[in-house]
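Asks: let me see the structure of the following:
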Amino acid sequence: MQRRSAAACSFVIGLALASCVPAGESGTLAPTLEMHEVNGRSVAMQNGMPVPTHDWQPRPRIDLDGSWRVQRAELDVDLTMTDRAASLAAIEDEAAGRHLPDHDDAGWGSVSVPGTVNAPPDGLEGGAWYRRVVEVPREWAGRTVTLRFGSANYVADAWLNGQWLGYHEGGSTPFAFDVSPAVLLGADNVLAVRVHTIPLGTRADVLPWGLIDWWNYGGLTGSVWLEAAPAVYVVRADVVPHLDAIDVALTLHHGSVLAGSRGGPTSADRDRSPITVTASILPASVSDDNLLDRDPRSLVSDGALPIVTISEELTAPLPGDVDGAAISVSFGDADLWSPANPALYVLRVDLRWTDRPRDAREARPPDTYWTTFGIRHVAVDALRPRVLLNGEAAFFRGVGLHAESLTFDAGGTLLGGTPAQPADEVLAELRDAAAVGANLVRTGHQPGDPTMLMLADRLGFAVWEEIPIYHATPFVFDRIMSRGIPQQMLREMALRDMNRPSVLFHGLANESTGAEERAAALAELHEVDRAIDGTRLTGQAAYGWDPADLTHAALDVAGITSYQGVFYGDAPGPDTRRALREVNATNSDKPVMILEFGRWADEPTDEARQLVIFEETYAAIEQVRSDRPGGFVSGATWWTLHDFATQIAGIGIEDFGLFRPDGSLRPAGEAAAAAFNADAGAGSELALEPDLVRPRAEVATGIGDWTLALYLGYAFAFVTALLGAAVFVVTRRGGRAVGRAR
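Replies: Next up, the predicted model:
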């Protein structure tokens with residue numbers, strides 16, 4: 001009996017859900033990130049401060065990773081999704097004192113942060129309260145202190161010493177609060193966080209909203225830390241690379257300060273004093289010794305001299321103000337970043353007070369900011385449908401990754417999992433990717449893991465990362481876009497990873513339906529991306545069964561998932577060739593990116609069919625690679641490198657990996673290693689001088705006859721058959737229990 005994967009169930013249900021998404025009212029909880037005009041340039045502001053870098057900085061820091069008190073709780077979803085002006089009092093009533101410093105949490109359990117409260121096979125989504133006590137040293141007096149969260153899934157409200165700091169929505173992106181007014185120096189400070197993981201399928205105005213084929217890890221999933229900086233400090237330095245130059249946008253902030261021995265406003269706080277900002281660019285050197293070191297300074301060899309140093313004198317911002325500077329640097333012979341040559345540079349920014357009496361300088365200490373970056377340019381050829389990297393045609397051999405570490409018992413039964421992967425495990429994953437010849441990773445359906453992105457920069461992997469618009473429907477698009485949460489997630493992802501040269505692509509949706517609503521949403525998100533970043537290409541992962549999809553029009557590339565001979569079609573080779581020709585005919589000016597192709601291998605007997613899918617599908621792709629004459633496909637990504645946990649009932653583990661759980665290659669993995677490695681390092685002899693400004697296409701809003709017929713069909717038939725279809729598909733697969741023996 002043929003076995004079908006949970007992804008088949010996902011495919012069927014994903015179509016049907018367009019007509020059966022939760023109705024309900026949209027929440028009134030507003031996005032917290034806003035774009036402000038500051039001295040003629042756009043600055044992202046959040047929670048009363050400019051959005052900071054979340055990369056490691058050599059500043060006073062208290063890491064809050066480790067054991068936290070935790071108590072799971074039933075939380076009111078409507079309160080969570082209501083504007084805090086109307087809901088905060090009720091939320092604090094619901095808290096029953098959990099947010100207050102003197103609350104007795106001795107009977108609570110504990111959990112590791114970063115981590116999760118619903119590790120598989122738990123699967124229970126809902127709420128949790130976290131508490132942690134931290135002592136802030138008196139030496140931090142006179143400094144600005146920010147509280148940073150790497151991520152919290154899905155809505156987080158935070159209190160420090162009983163003072164509400166604010167909230168954040170979105171499960172995969174970072175956020176920060178200026179906590180200086182609430183910190184107690186030299187004493188215990190109690191941090192309380194209410195995290196609500198919205199149960200999937202209960203609302204249509206959150207992301208992801210419903211069915212997902214991965215594990216929805218809830219809680220404080222990212223690192224948490226306190227960071228101290230001088231009152232006037234460098235918030236971020238955003239590097240925009242060109243082939244022969246870089247532009248650096250510096251953001252400065254005059255934050256609030258901790259009271260203490262040097263507390264209280266000084267004359268330096270109240271005037272517009274001169275400051276000197278100096279930017280120095282140094283060569284970076286990556287070795288086994290510093291590969292996993294988050295400190296950018298570790299990449300600078302002892303005695304290394306700056307390649308260039310530029311200084312500018314500015315006027316210090318007044319308390320609470322934001323200012324900045326723009327610096328341009330030309331390179332005569334830049335070492336360009338690419339997967340084959342992951343060249344990096346280190347940027348050091350020094351902020352110093354100038355022409356000030358000694359006592360004033362001591363009251364206003366200097367600041368130093370560090371970041372790494374690479375010089376590269378990714379574009380779409382104006383003359384042919386292909387991706388150009390540094391002016392040469394590129395073909396990317398990709399694998400999908402899910403940021404998680406799983407544990408099994410001796411029999412192979414799933415015992416647990418966490419999204420908090422140790423750095424050495426992330427490195428091991430990327431080494432597996434390199435072993436099969438991959439030079440691109442797709443980060444599941446969410447923003448990439450920060451450690452993975454750091455290593456992709458250093459090891460040489462291109463990255464496609466995305467926001468979790470997954471199986472969205474016209475109704476869902478209307479709800480989420482009107483609330484503004486995809487726009488916020490995209491801005492947060494782009495800002496976090498601005499200086500990551502490995503991130504070449506931003507994905508804006510995955511396997512979603514609708515025509516007008518989806519096209520409009522993608523066009524808006526493309527413009528959001530351009531305004532924040534502008535150095536990456538945009539795309540979506542559209543269903544491969546509709547190769548005439550018109551909604552790619554506003555995007556840079558036409559991305560599809562391709563499961564010919566798996567979920568649709570009969571013969572993977574011929575059907576893939578036909579579909580690719582139709583995608584190209586519909587989007588003749590765009591490179592095609594195949595963002596998923598693959599098949600499960602639940603049992604050893606399935607591995608033979610998985611091998612056939614790889615060999616025949618990849619052979620069809622090879623014929624139209626865009627780095628070859630007449631080609632138009634610029635990337636092919638196997639789904640996935642390793643098996644991964646899924647929250648679809650009855651499955652537990654998706655066995656799509658090129659690797660088995662024991663670390664050995666499946667036959668498809670061996671075939672991928674042979675095919676991908678055969679292409680490794682192959683350049684193009686067809687490269688033309690790129691036209692770096694490509695005309696924008698008009699957004700198509702029409703619905704094809706076949707798509708319209710499909711909509712009518714599932715609107716009336718699929719809904720009534722939804723449960724039966726799901727049970728049928730899973731049963732055909734063998735009706736596995738969660739955490740089955742492997």
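Asks: every contact and neighbour count from this point should use C-alpha atoms.
Replies: Noted.
Asks: what pLDDT does Thr354 get?
Replies: At Thr354, the pLDDT value in this model is 86.
Asks: can you count the residues close to Ser287?
Replies: Using other CA atoms under 10 Å, Ser287 is surrounded by 12 other residues.
Asks: tell me which element it falls in.
Replies: Taking DSSP states H and E as the definition, Ser287 sits outside all helices and strands.
Asks: Ser338 versus that one, what's the distance?
Replies: 17 Å (CA to CA, to the nearest Å).
Asks: regarding Ile382, what is its secondary structure?
Replies: Let me fix one detail, which is that residue 382 is Ala and not Ile. Assigned by DSSP: H, G, I helix; E, B strand; the rest coil, the conformation of Ala382 is coil.
Asks: tell me how far it lies from Met452.
Replies: Taking CA to CA as the measure, Ala382 falls 32 Å from Met452.
Asks: can you check Gly210 too?
Replies: Distance of Gly210 to Met452, given as CA to CA: 27 Å.
Asks: give me the three-state assignment for Ala433.
Replies: Recorded secondary structure, Ala433: helix (three-state DSSP).
Asks: that one reaches Val399, doesn't it?
Replies: Yes: between Ala433 and Val399 there is a contact at 7.1 Å, judged by CA atoms under 8 Å.
Asks: neighbour count for the two, which is higher?
Replies: Between Ala433 and Val399, counted using other CA under 10 Å, the more crowded position is Val399 (30 against 25).
Asks: any low-confidence regions in the protein?
Replies: 1-21, 23-24, 259-272, 355-363, 680-742 (pLDDT under 70).
Asks: so what are the domain limits for it?
Replies: Structural domains assigned to the chain are 33-229, 232-373, 396-680+689-699, following automatic domain parsing.
Asks: compare Ala382 and Met452 and say which is more crowded by neighbours.
Replies: In this view Ala382 and Met452 are compared by other CA under 10 Å, and Met452 has more residues nearby, 23 against 19.
Asks: can I assume that one sits in a helix?
Replies: Yes: assigned with three-state DSSP, Met452 falls within a helix.
Asks: who are the neighbours in contact with it?
Replies: Val426, Leu427 (CA atoms under 8 Å, 6 or more residues apart in numbering).
Asks: which neighbours do Ala433 and Val399 share?
Replies: Leu641.
Asks: center of the protein, which residue is that?
Replies: Pro447 (1.1 Å; CA atoms, centre = their mean).
Asks: tell me which stretches of the stretch 201-350 of the chain form strands.
Replies: Per DSSP state E, counting those that start in this stretch, the stretch 201-350 of the chain carries strands over the ranges 224-229, 232-241, 245-254, 274-283, 308-315, 322-330, 337-338, 341-342, 345-353.
Asks: nearest to Ser180, of those strands?
Replies: Comparing the strands of the stretch 201-350 of the chain by their distance to Ser180 (CA to CA), the top pick is strand 224-229, with 9.3 Å.
Asks: what sits up against that closest one?
Replies: 59-65, 113-114, 140, 143-150, 367.
Asks: direction included, what does that strand pair up with?
Replies: Within its sheet, strand 224-229 is paired with strand 61-63 (antiparallel), strand 144-149 (antiparallel), according to DSSP bridges.
Asks: buried residues, the first one. List them.
Replies: Neighbour-count burial for strand 61-63 flags Arg61, Ile62 (criterion: 16 or more other CA atoms under 10 Å).
Asks: and the helix or strand following it, what does it pack against?
Replies: Scanning forward in sequence from strand 61-63 by DSSP H and E, the next helix or strand is strand 66-73. Contact here means 3 or more CA pairs under 8 Å, 6 or more residues apart in numbering; DSSP states H and E; on that basis strand 66-73 packs against strand 109-113, strand 127-135.
Asks: quick one, what contacts the nearest residue to Gly201 once chain neighbours are set aside?
Replies: Nearest non-adjacent residue to Gly201, counting by CA to CA, 6 or more residues apart in numbering: Gly210, 3.9 Å away. Taking CA under 8 Å, 6+ apart, we find Gly210 in contact with Leu200, Gly201, Thr202, Arg203, Ala204, His471.
Asks: for the residue nearest to the centre of the chain, what is the enclosing helix or strand?
Replies: Assessed by DSSP H and E, Pro447 sits outside every helix and strand.
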